[in-house]
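Student: Have a look; sequence and predicted model below, questions after that.
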Amino acid sequence: MVLQWLLVARVRAMNLKDIEIRRRWIVGIRNGAVLLTLAGLLTVWAAELRTLAFSLVAFAVAIVLSVKEVILCISGSFVRTVGRSFDLGDSIEIGGIRGVVIDRDLFTTKVLEAGPGQTIHQRTGRAVTLPNSMFLTMPVTNETFTDRYVLHVFTVPFKRGDDWQAAETRLLEAAQAECTPWLEDARGHMRGLAAKHGLDTPNVEPRVSIHLPEPERVDLLVRIPVPSARKGRVEQAILRRYLQRPGHGDENRGG
């Protein structure tokens, strides 16, 4: 401050004809004095400032860790919204949990559970609240992506020695009988969906495929077009029609 006062006084005592130059010199001296003062303070208080900076960083890290789940949930909600993974009323599966989405907000998604297990489609009566952070690390399966109709697959197991050929025919007949009322509507729906997304139109005809999971086991995979809200009921109807048909036990004599 003394140096600033001496320099300013010296400039004012100089016989300068241009007042603008004098003013610039005085402003420059004052700014230089401020910079020197700040540099001196930083030099004197460097250790204390370093300690303060570390404390602020530690405090910031503690805050981030304490609200980590909140941040992840908000991020998961953003990913869900941008990716349009599902909507209210869709049937989804994530982390082994299946159900119909009945509510969602910035932090959680609530589903009405279906099960038990991965092959049963009945409502359990339980509502499961999922943190949205799950959408950042786990894949989401949307079982109703095709909207009104879906291609549902279920398995009927047999031993290799059973007459699975007769069972294949009877299962196909049962599937065709149950799916006939909406088969034409399902074809039109799938054609419109394929045109919308630029995909090949899937074949919606009921079909039965063969799968050999083990050397002595034959699985018949039944694929059917079905209204998205009636998967479990239609599957049960097909199985009951197959089991109630006279002679359905003939194919099991080899077992």
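Tutor: Cool, the structure landed.

Student: For burial, what's the neighbour tally of residue 112?
Tutor: Residue 112: 17 surrounding residues under other C-beta atoms under 10 Å. Just so you know, the C-beta spots here come from the backbone N, C-alpha and C atoms, and that holds for glycine as well.

Student: Regarding it, what is its secondary structure?
Tutor: Under the three-state scheme (DSSP: H, G, I helix; E, B strand; the rest coil), residue 112 adopts strand.

Student: Could you chop this structure up by domain?
Tutor: Here the domain parsing of the chain from automatic domain parsing is 2-66, 69-142, 149-252.

Student: will you turn the ones you listed into CSV that also has mean pLDDT?
Tutor: Formatted as CSV, the domains of the chain follow (pLDDT from 0 to 100):
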stretch, mean pLDDT
domain 2-66, 81
domain 69-142, 84
domain 149-252, 85
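
Student: any idea how far residue 67 is from the nearest residue to residue 107 once chain neighbours are set aside?
Tutor: Take residue 107 and drop its neighbours on the chain: the residue closest to it by C-beta to C-beta, 6 or more residues apart in numbering is residue 73, 4.4 Å away. Residue 73 sits 10 Å away from residue 67, going by C-beta to C-beta, to the nearest Å.

Student: what do you get for residue 237?
Tutor: The gap separating residue 237 from residue 67 is 50 Å, by C-beta to C-beta.

Student: Who has more neighbours out of the two?
Tutor: Set residue 237 next to residue 67 and count neighbours by other C-beta under 10 Å: residue 237 wins out with 16 against 12.
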